[in-house]
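Visitor: Any chance you could fold what I've pasted below:
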Amino acid sequence: VQLVESGGGLVQSGGSLRLSCAASGFVFSEAPMSWARQAPGKGLEWLSSIWADGSTVYPDSVKGRFTISRDNAKNMVYLQMNNLKPEDTAVYYCQIGGGSVVLRAPSWGQGTQVTVSS
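Guide: Here you go, the predicted model:
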């Protein structure tokens, strides 16, 4: 199983970024997928999940600003982030699984750094 995140960078407050996650080594089309992040000095925070049927769920903290999507033909999952704030600065990870329980996953990829300047 391999998950490779990309698309992070430095963006000004109010800006947007689209993160990508390339997945391999499992039947992607059948797997729920999630995004999480870890801000400096803090624990992992669950951000969104998408199921095989395309249904999605978000915590209130990002609902309306973040959108998760997937492309089963390309084994990719995406996170569109709009109206970014300095508090969104973190390393962002994708993970197999749905819901906040994914935070219990024992291993994570390298993530992609997002830095939002004020």
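
Visitor: Tell me how far the closest residue to I96 other than its chain neighbours lies from S107.
Guide: Once flanking residues are discounted, I96 sits nearest to A31: 5.4 Å by CB to CB, 6 or more residues apart in numbering. C-betas here are computed from N, CA, C, even on glycine. For A31, the distance to S107 equals 16 Å [CB to CB, to the nearest Å].

Visitor: more crowded one of the two?
Guide: A31 (19 against 7; other CB atoms under 10 Å).

Visitor: Please verify my assumption that the more buried one contacts V102.
Guide: No. Assessed by CB atoms under 8 Å, A31 is found out of contact with V102, at 11.1 Å.

Visitor: any common contacting residues for the two?
Guide: Common contact partners of A31 and V102 (CB atoms under 8 Å, 6 or more residues apart in numbering): I96.

Visitor: quick one: contacts for the residue most central in space within the chain?
Guide: Centrality entry for the chain: nearest residue to the mean C-alpha point is W35, 2.7 Å, by CA atoms, centre = their mean. By CB under 8 Å, 6+ apart, the contact list for W35 reads 19, 21, 46-49, 66, 68, 77, 79, 92-95.

Visitor: Helix, strand or coil: sort out it for me.
Guide: Following DSSP: H, G, I helix; E, B strand; the rest coil, the label given to W35 is strand.
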